[in-house]
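Trainee: Okay, structure incoming, though there's no sequence with it:
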Ligand SMILES: Nc1ncnc2c1ncn2[C@@H]1O[C@H](COP(=O)(O)OP(=O)(O)OP(=O)(O)O)[C@@H](O)[C@H]1O
């Protein structure tokens, strides 16, 4: 029998990752936020990470970015543990993995023009100014902003437009993975849909992968290939987006889905009754 094709190396793999924040006070125990999280993301894939407030979603995204205190387990990027990378590999990683934050009103430096915001990450890595400025035009096209946006300040743009600028900034170093931390939560519904479509279009054009953190199940269904459900620092369910959002297996995922509001009042009442039933079952067990 001939061997089948080997599974491609995941772009990102987390294995039993533990994150603990130091406790307050000298004798305080550390506060464990992630209890041993394992997940992987393939090149060009979107993994939606859902969970209620406080479940540790942002912390997980920060751990991937090297910004949270990982005290156990391992994070591998393109097959290599990030903790053992040399200086040059670390620099390559910081180019490959970018971030888009939730709040487009605070994530952009208000004193910098869009041109400066978008050229700065290129200039610090030695790209010539003329090349960087030319690239800005392409980036603005990519996120559907006019070229004259380059000379303006962030305050002159709407929330949706600012998030487009933040996306362009994340793209300017040709990343392989973008950690998107609730990037549409601060936007109104129609703007949300347009920005989500932009994320999808960019992925189709560039092959970038997303770790897409959100508490909103309709958002996660729209954008993700696979979904991981985080509950109190543990992944309780992972699967294809349609499978997890339509036929959830874990009782927490079921409760999360039932908590999402629906427009029909009758269905909303049914969901409330079902939620109560699940909560009683959980309390009884
Ligand atoms: N720097 C920190 N120091 C101490 N505790 C922290 C720190 N950052 C987060 N936490 C705690 O870790 C837990 C998880 O927070 P996190 O922000 O990761 O959750 P989340 O799922 O993203 O929530 P939300 O959806 O509300 O943003 C919370 O109890 C939070 O108070």
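Mentor: Arrived safely, thanks for sending. Predicted model, so just to flag it, every value in this text is computed and none were measured.
Trainee: Identify the residue nearest residue 157 in space, chain neighbours excluded?
Mentor: Sequence neighbours aside, residue 165 is the residue nearest to residue 157 in space, at 6.7 Å (criterion: C-beta to C-beta, 6 or more residues apart in numbering). All C-beta spots, glycine's among them, are computed from the backbone N, C-alpha and C.
Trainee: just residue 51 next, same as before
Mentor: residue 230 (3.6 Å).
Trainee: Kindly tell me how buried the one you found is, as a neighbour count.
Mentor: The criterion is other C-beta atoms under 10 Å. On that basis, residue 230 has 23 neighbouring residues.
Trainee: which residues does the residue nearest to residue 157 contact?
Mentor: Contact analysis of residue 165 by C-beta atoms under 8 Å, 6 or more residues apart in numbering lists 104, 108, 114, 117, 118, 143, 145, 149, 154, 157.
Trainee: Residue 56 now?
Mentor: By C-beta under 8 Å, 6+ apart, the residues touching residue 56 are 19, 33, 34, 37, 230, 232, 233.
Trainee: how about a cut-off of 6 Å?
Mentor: Taking C-beta atoms under 6 Å, 6 or more residues apart in numbering, we find residue 56 in contact with 33, 34, 230, 233.
Trainee: just residue 108 next, same as before
Mentor: Residues touching residue 108, when contacts are defined by C-beta under 6 Å, 6+ apart, comprise 117, 154.
Trainee: Would you mind giving both backbone torsions of it?
Mentor: Note on residue 108: backbone dihedrals following degrees, to the nearest 10 are phi -110, psi 140.
Trainee: and the gap between it and the ligand?
Mentor: For residue 108, the distance to the ligand (C-beta to the nearest ligand atom, to the nearest Å) stands at 20 Å.
Trainee: Bridged to the residue nearest to residue 97 when sequence neighbours are not counted, which residues?
Mentor: Counting by C-beta to C-beta, 6+ apart, residue 177 is the residue found nearest to residue 97 once chain neighbours are left out, at 4.9 Å. Counting by DSSP bridges, residue 177 is bridged to residue 97, residue 209.
Trainee: neighbours around residue 177, how many?
Mentor: Based on other C-beta under 10 Å, the number of other residues close to residue 177 is 25.
Trainee: same check, this time on residue 249
Mentor: Other residues within reach of residue 249 by the criterion other C-beta under 10 Å amount to 12.
Trainee: ok, it - contacts?
Mentor: Under the criterion of C-beta under 6 Å, 6+ apart, the neighbours of residue 249 are residue 237.
Trainee: Work out for me the element the nearest residue to residue 109 once chain neighbours are set aside sits within.
Mentor: Of all residues beyond its chain neighbours, the one nearest residue 109 is residue 117 (6.4 Å), with distances taken as C-beta to C-beta, 6+ apart. Counting by DSSP states H and E, the element that carries residue 117 is helix 114-123.
Trainee: what's the answer for residue 280, then?
Mentor: Counting by DSSP H and E, the secondary-structure element that holds residue 280 is helix 265-284.
Trainee: and that helix, what other elements does it pack with?
Mentor: Where contact means 3 or more C-beta pairs under 6 Å, 6 or more residues apart in numbering; DSSP states H and E, helix 265-284 is packed against helix 251-259.
Trainee: for the helix it packs on, packing partners?
Mentor: Using 3+ C-beta pairs under 6 Å, 6+ apart as the test, helix 251-259 ends up in contact with helix 265-284.
Trainee: Show me which residues of the stretch 151-285 of the chain sit near the ligand.
Mentor: Contact residues, the stretch 151-285 of the chain versus the ligand (C-beta under 6 Å from any ligand atom): residue 215.
Trainee: What is the neighbour count of whatever residue of the stretch 151-285 of the chain ends up closest to the ligand?
Mentor: With C-beta to the nearest ligand atom as the measure, residue 215 is the residue of the stretch 151-285 of the chain nearest to the ligand, at 5.1 Å. Residue crowding around residue 215 was assessed by other C-beta under 10 Å; the count is 18.
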